[in-house]
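Visitor: okay, here's the prediction I keep looking at, along with the sequence it came from:
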Amino acid sequence: MLLIQSPAEMTRFVLKQKSRGKTIGFVPTMGFLHEGHLSLFQKAQETSDCVVASVFVNPTQFGDRDDYMHYPQDTERDARLAGEAGVAALFLPKEQDIYPNGTAVTVKVNAGTDVLCGKSRPGHFDGVATVLTKLFHIVRPDRVYFGMKDAQQVAIVENLIKAFHFSIHLFRCPIVREPDGLARSSRNVRLNDEERREAVDLSRGLQQGLHLIQSGERDFEKIIESVTDYYHTHLKLGKIDYVDVLNYPELRRVHKRLSGSFIIAAAVKYKHARLIDNVTGDTENMPLSTGNQS
Ligand code: PAF
């Protein structure tokens, strides 16, 4: 596996692959790779000729300096795991490589950011859209692979691809969970033992909301209330950041009552980690799944 720091070298590599008729599958990450990332690499292997991944902790998507400074990193381990997973080239740029003129030019996202993580992390998705626009220009992927744990990010990246006419197909990949149901995340290592035991209730609360929908409930507020009540009963250490039910990928309530494809999403704050999770489904297509794939 090639380790590449320079954007120009990265572009040269992919253009060479393309000139040989190969399709480029790209998995952008912020590193500290886990099973969730490995499942994206695997999907990329199955559906693209040449897999490229990036590890870059993007400063512009962190509102909280402390969160940015403490974001877990282990580049050596990341490189080993990516190599074992068949990644052909790992792009490891430095901040100056991606932001040569700082934030002189950035991307602003105007839809889908007033809810969920966009509401509690103002500017976050502008940072994500900015870095992905840069990475897409450098890596020139034919296909990109995103995990549905960050379902709002998936919806926003789909809009970005459409808005800027990128010729890229986005694969929505299912959430990968620990055996007890906790969604895999690089942030899980920042939980202490007690918090880790409790964190499993994040997904259990969402399942309660899902069962309510499966049993026929279509009132947005009642579903939100049921999940919120579950958290109030079960979470002693974590503080609810948000619980919401929306149509997906619209990220709003399309009708007064829930119908069609939806997301139940929640975020919970622990001392050193903010966890997010969701389930998606479709009222027209029961029983429902816990993560889509296209
Ligand atoms: O999901 C992430 O890890 C990041 O938001 C991404 C897509 C790599 C952009 O920095």
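Guide: Received, thanks.

Visitor: and Leu38, how far from the ligand?
Guide: Using Cβ to the nearest ligand atom, to the nearest Å, Leu38 is found at 14 Å from the ligand. C-beta coordinates here come from the backbone N, C-alpha and C atoms, glycine included.

Visitor: ok, now Val154?
Guide: 9 Å.

Visitor: check contacts around that residue.
Guide: 146-148, 170, 172, 249 (Cβ atoms under 8 Å, 6 or more residues apart in numbering).

Visitor: turn the residues you listed into CSV, columns for secondary structure.
Guide: Formatted as CSV, these follow (DSSP: H, G, I helix; E, B strand; the rest coil):
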residue, secondary structure
Phe146, strand
Gly147, strand
Met148, helix
Leu170, strand
Arg172, strand
Pro249, coil
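
Visitor: got those residues as CSV, with neighbour count columns?
Guide: Output for those, formatted as CSV (neighbours: other Cβ atoms under 10 Å):
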residue, neighbour count
Phe146, 20
Gly147, 25
Met148, 24
Leu170, 18
Arg172, 20
Pro249, 18
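
Visitor: closest one of the residues you listed to Val14?
Guide: Closest approach to Val14 among the contacts of Val154 (Cβ to Cβ): Leu170, at 17.5 Å.

Visitor: residues in a beta bridge with the closest one, which ones?
Guide: Val144 (DSSP bridges).

Visitor: am I right that it is in contact with Phe146?
Guide: Yes. Leu170 lies in contact with Phe146 (Cβ atoms under 8 Å); the separation is 6.3 Å.

Visitor: still on that earlier bit, which of the contacts of Val154 sits closest to Ala79?
Guide: Gly147 (20.3 Å).

Visitor: what residues are up against that closest one?
Guide: 36-37, 39-40, 154, 173-176.

Visitor: can you tell me how far it sits from His34?
Guide: According to Cβ to Cβ, to the nearest Å, Gly147 and His34 sit 10 Å apart.

Visitor: shared neighbours of these two, anything?
Guide: Val176.

Visitor: now the closest residue to the ligand within the stretch 151-294 of the chain: closest residue in space, sequence neighbours ignored.
Guide: Nearest residue of the stretch 151-294 of the chain to the ligand: Gln153, at 5.8 Å (Cβ to the nearest ligand atom). Nearest residue to Gln153 in three dimensions, chain neighbours excluded: Val128, at 6.1 Å (Cβ to Cβ, 6 or more residues apart in numbering).

Visitor: same deal with Ile240?
Guide: Using Cβ to Cβ, 6+ apart, the closest residue to Ile240 is Tyr231 (5.3 Å).

Visitor: that neighbour belongs to a helix?
Guide: Yes. Counting by three-state DSSP, Tyr231 is part of a helix.

Visitor: show me the contacts for it.
Guide: Counting by Cβ under 8 Å, 6+ apart, Tyr231 has contacts 201-202, 205, 238, 240, 243, 266, 268.

Visitor: give me that answer again for 10 Å
Guide: Counting by Cβ atoms under 10 Å, 6 or more residues apart in numbering, Tyr231 makes contact with 201-202, 204-206, 208, 238-240, 243, 266, 268.
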